[in-house]
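S.K.: Sequence and computational prediction follow.
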Protein chains: 2
Amino acid sequence: MCQLLGMNANTPTDVCFSFTGLATRAVEHKDGFGIAFFEDRGLRLFVDPHSARESPVADLVKRYPIRSGNVIAHIRKATQGRVALENTHPFVRELWGRYWVCAHNGNLIDFQPRLHGAFRPVGDTDSERAFCWLMQELSKAHADVPSVAELSATLRELLPVLHAHGTYNLLLSNGQALWAHASTRLHWLQRQHPFLDATLADEDLTVDFAHVTTPADRVVVVATEPLTQGEAWQAMAAGELRVFVDGASAG
Amino acid sequence: MCQLLGMNANTPTDVCFSFTGLATRAVEHKDGFGIAFFEDRGLRLFVDPHSARESPVADLVKRYPIRSGNVIAHIRKATQGRVALENTHPFVRELWGRYWVCAHNGNLIDFQPRLHGAFRPVGDTDSERAFCWLMQELSKAHADVPSVAELSATLRELLPVLHAHGTYNLLLSNGQALWAHASTRLHWLQRQHPFLDATLADEDLTVDFAHVTTPADRVVVVATEPLTQGEAWQAMAAGELRVFVDGASAG
C-alpha cells in the first residue's frame, strides 16, 4: 500500500510542512515518490523512483516553497508494477485543454478495462490503467470541460466500478478542484481562521499557521493517515467521494 | 527566441555539463526553463517559469546526475504566450502508451490548425498548439506505435507545414529516438571513442569525457548554438530533419 497527500487552497499555499510529514513515512514506502503542483492551469510534476527520505528531488520539494492551489503527492510501496519511473505516481494526462493528475492507494483485482480511446498506460500498474479508464469515460461523458459539479456527478457513477474491483483510495485534480475517493482509509482536515499551531505526528516539527497566513486563507489537506497531532482530522467513509474547491468541501 | 538542448545516447548519460552550458545563456532567455529526461519509458519533467540561472530547480538539475537515454531542454525568451508555467517548454503528451516530449525555438505566424482530436493546448503558445497538431496528425497516420523509420517518414510530411508558417526549430522524443528539425539554427555533435576534453563555450568549465565514459559509449548532443569549443559541431540546413537513435544519426 501507498500513502496519499492532497491539498486544495483558496490562496496559493506551499506544502513543505505536510510533505515533510509524508516523507517521514517513506521508510516502509520506499519504492518511489511523486508530487504534482498546479499553478493555475500549469503543472509541475516531480517524480523519483527512490525513497522520499533519500531523494535529492524530495529534498528540493521540502525546501523550495512552491505555492499552489492544488497538490497531489504519493509515496509508493509497490504492489502491482515494478519499481520504475513510469510506475511512479502521480500520473498526468491532458483532457479538454487541462492537465489531470491522479494518485492511487490500494490494489485493484482483475481490472482489465477495454481502453479504446486516447488514453493508454505507459507503465504496468493497476493505478495508471484505472486512471486511463477514468479519463476515457470522462471524455465520453462530456464534449468539453464541464463544471466541477457535473464532473463530480460523472465520477459518482464511475468510481463504484473501480471500488468493486478492490481498494481504490484516489486523489484527482484538474487544477480547479481536488476530488478524494475513499475505499478504506482517507482523512481530511480544513484549516482556516483562527489558525492554530500544528505538530507533525511523526516528526518533532511545529508550524504556527497564524504567522504564515492571512485571515482569508482557507486550505484543505487530505491524507491517508492524519499527518498532525491536535487537529480535527475527519475520516472518510468507504465509497465516499468528496470534492474540494477553494479550500472548502463542496460536496 | 529560445535555446534548445537535446541529448540521445546509447547508454544512460547525464547532461549536467551541457545543461550548465545552456543555463549560462539564460541571461537573455530568462522567461523560464524546462528539461525532460526519459528513463526507458518513464519520464521526468522539470519546469520553472523563472530563469535557469536563478531557479532552485535548475540548480538541482545541474547537480543531480540523472542518467537518461533521451533529454530535451529549453530556455525561454517569450515571443507568443505569457510567462507562465503552462507556457514553459518542454510539453508532454501521451500517445500509444508512450510519452512524447517537444520543445520549440522559433515563431509561427497564423498557425491556427483545427484541433479536433484528443490533443488540446493547455497554455497559449504557438509551440504547444503546433505540438498538439503534430500529435493529432501522427495519431491519425498510424493505428499503433510505428517504427522509428515510419515515424520519421510521417514527420517529413508534416514538418514542412509548420516550417511554412515561420521558424520551427524542433526537438521531439518518445524515449526511443530524438528528432531534430532545423528551420534556422540548430547544431549537432556526436561524441564517441576516443573521447576528448570539452570546454564550455560560455563558462570556464572543462570535462574529460574519457574519464566518465567507456569505449562503447556514444552520445549525440543537439543545441541551438554550439555549447563547447574545439568540438566538431555540425550546422543543420533549413528544413532538415534528423533522427538520432542510440547516440548516432539514423537519417
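M.R.: Noted; the coordinates are in hand.
S.K.: who in the stretch 51-200 of chain A is up against chain B?
M.R.: A:56-57, A:60, A:63-64, A:84-88, A:92-99, A:117-123, A:139 (Cβ under 8 Å from any Cβ of the partner chain). Backbone N, C-alpha and C define where each C-beta goes, glycine included.
S.K.: Let me see the contact set for the residue lying closest to A:Pro146 once chain neighbours are set aside.
M.R.: Of all residues not flanking A:Pro146 in the chain, A:Thr154 sits nearest, at 7.6 Å (Cβ to Cβ, 6 or more residues apart in numbering or on different chains). Contact partners of A:Thr154, counting by Cβ atoms under 8 Å, 6 or more residues apart in numbering or on different chains, are A:137-138, A:141-142, A:146.
S.K.: helix, strand or coil for A:Thr154?
M.R.: helix (DSSP: H, G, I helix; E, B strand; the rest coil).
S.K.: Also the one 3 residues further on?
M.R.: Using three-state DSSP, the structure places A:Glu157 in helix.
S.K.: before we move on, back to that, just to be sure, which of the residues of the stretch 51-200 of chain A next to chain B are found in helices?
M.R.: A:56-57, A:60, A:63, A:139 (DSSP state H).
S.K.: So among the residues you listed, where is pLDDT lowest?
M.R.: pLDDT across these is lowest for A:Arg63, at 87.
S.K.: pretty sure that residue is touching A:Cys16, no?
M.R.: Yes - at 7.1 Å, A:Arg63 counts as touching A:Cys16 under the criterion of Cβ atoms under 8 Å.
S.K.: the more surrounded of the two?
M.R.: A side-by-side neighbour count of A:Arg63 and A:Cys16, using other Cβ atoms under 10 Å in any protein chain shown, places A:Cys16 first with 15 against 10.
S.K.: gap between that one and chain B?
M.R.: 12 Å (Cβ to the nearest Cβ, to the nearest Å).
S.K.: what's the pLDDT at the residue of the stretch 101-250 of chain A found nearest chain B?
M.R.: Ranked by Cβ to the nearest Cβ, the top residue of the stretch 101-250 of chain A for proximity to chain B is A:Ala118, at 3.4 Å. A:Ala118 is assigned 91 on the pLDDT scale.
S.K.: Measure how buried it is and give me the count.
M.R.: Applying other Cβ under 10 Å, I find that A:Ala118 has 21 neighbouring residues.
S.K.: The stretch 101-250 of chain A: strands as residue ranges?
M.R.: Along the stretch 101-250 of chain A, the stretches classed as strands by DSSP state E, counting those that start in this stretch are A:166-173, A:178-181, A:187-192, A:197-200, A:206-208, A:218-223, A:228-229, A:234-235, A:241-245, A:248-249.
S.K.: Serialize those strands to CSV and add fields for distance to B:Asp204.
M.R.: Output for the strands of the stretch 101-250 of chain A, formatted as CSV (distance: least, Cβ to Cβ, whole Å):
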stretch, distance to B:Asp204
strand A:166-173, 45
strand A:178-181, 47
strand A:187-192, 49
strand A:197-200, 44
strand A:206-208, 43
strand A:218-223, 46
strand A:228-229, 49
strand A:234-235, 58
strand A:241-245, 51
strand A:248-249, 54
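S.K.: next one: stretch A:56-65 to chain centre, how far?
M.R.: Distance of stretch A:56-65 from the chain centroid (Cα atoms, centre = their mean, to the nearest Å) equals 18 Å.
S.K.: quick one: buried residues of it?
M.R.: Using 16 or more other Cβ atoms under 10 Å in any protein chain shown as the test for burial, stretch A:56-65 gives A:57-58, A:60-61, A:64.
S.K.: Equivalent analysis for stretch A:128-141, please.
M.R.: Here stretch A:128-141 shows A:128-139 as buried, counting by 16+ other Cβ under 10 Å.
S.K.: Is it possible to get JSON lines of these that adds distance to A:Thr213?
M.R.: Output for the buried residues of stretch A:128-141, formatted as JSON lines (distance: Cβ to Cβ, whole Å):
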{"residue": "A:Glu128", "distance to A:Thr213": "36"}
{"residue": "A:Arg129", "distance to A:Thr213": "39"}
{"residue": "A:Ala130", "distance to A:Thr213": "36"}
{"residue": "A:Phe131", "distance to A:Thr213": "33"}
{"residue": "A:Cys132", "distance to A:Thr213": "38"}
{"residue": "A:Trp133", "distance to A:Thr213": "39"}
{"residue": "A:Leu134", "distance to A:Thr213": "33"}
{"residue": "A:Met135", "distance to A:Thr213": "34"}
{"residue": "A:Gln136", "distance to A:Thr213": "39"}
{"residue": "A:Glu137", "distance to A:Thr213": "38"}
{"residue": "A:Leu138", "distance to A:Thr213": "34"}
{"residue": "A:Ser139", "distance to A:Thr213": "38"}
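S.K.: pLDDT averaged over stretch A:168-187 - what is it?
M.R.: 97.
S.K.: then that stretch to CSV, C-alphas only?
M.R.: Output in CSV follows, covering the C-alpha atoms of stretch A:168-187 (Å, rounded to 0.1, in the frame of the first residue of the first chain):
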residue,chain,number,x,y,z
TYR,A,168,-9.3,2.4,-4.6
ASN,A,169,-8.4,5.4,-2.5
LEU,A,170,-8.0,8.2,-5.0
LEU,A,171,-6.9,11.8,-5.3
LEU,A,172,-7.7,13.5,-8.6
SER,A,173,-7.3,17.1,-9.7
ASN,A,174,-7.6,19.2,-12.8
GLY,A,175,-6.4,22.4,-11.1
GLN,A,176,-9.9,23.6,-10.5
ALA,A,177,-10.8,21.1,-7.7
LEU,A,178,-9.5,18.2,-5.7
TRP,A,179,-11.5,15.0,-5.7
ALA,A,180,-10.9,12.5,-3.0
HIS,A,181,-12.5,9.0,-3.0
ALA,A,182,-12.1,6.7,-0.1
SER,A,183,-12.2,3.0,-0.3
THR,A,184,-10.5,2.1,3.0
ARG,A,185,-8.5,4.9,4.6
LEU,A,186,-8.5,8.6,3.8
HIS,A,187,-8.7,11.6,6.2
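S.K.: just how off-centre is that stretch within its chain?
M.R.: 6 Å.
S.K.: Let me see the contact set for the residue of the stretch 51-200 of chain A found nearest chain B.
M.R.: Closest residue of the stretch 51-200 of chain A to chain B, Cβ to the nearest Cβ: A:Leu85 (2.7 Å). A:Leu85 sits next to A:32, A:47-49, B:39-40, B:42-44 when contact means Cβ under 8 Å, 6+ apart.
S.K.: follow-up on the earlier one: between the strands of the stretch 101-250 of chain A, which gets nearest to B:Val71?
M.R.: strand A:166-173 (28.1 Å; Cβ to Cβ).
S.K.: just checking, what packs against the closest one?
M.R.: Contacts defined by 3 or more Cβ pairs under 8 Å, 6 or more residues apart in numbering or on different chains; DSSP states H and E place strand A:166-173 against strand A:3-13, strand A:68-75, strand A:98-108, helix A:148-163, strand A:178-181.
S.K.: Pairing partners for the third one, with directions?
M.R.: The reference is to strand A:98-108. If you go by DSSP bridges, strand A:98-108 pairs up with strand A:91-95 (antiparallel), strand A:166-173 (antiparallel).
S.K.: Specify the angle between the last one and strand A:3-13 in degrees.
M.R.: Between the axis of strand A:166-173 and that of strand A:3-13 there is an angle of 10 degrees, by axes from the mean of the first three to the mean of the last three Cα atoms, to 10 degrees.
S.K.: contacts for strand A:166-173?
M.R.: Outside strand A:166-173, the residues touching it (Cβ under 8 Å, 6+ apart) are A:1, A:4-6, A:8, A:36, A:38, A:70, A:72, A:74, A:90, A:100-109, A:111, A:130, A:134, A:155, A:159, A:162, A:178-186, A:222, A:224.
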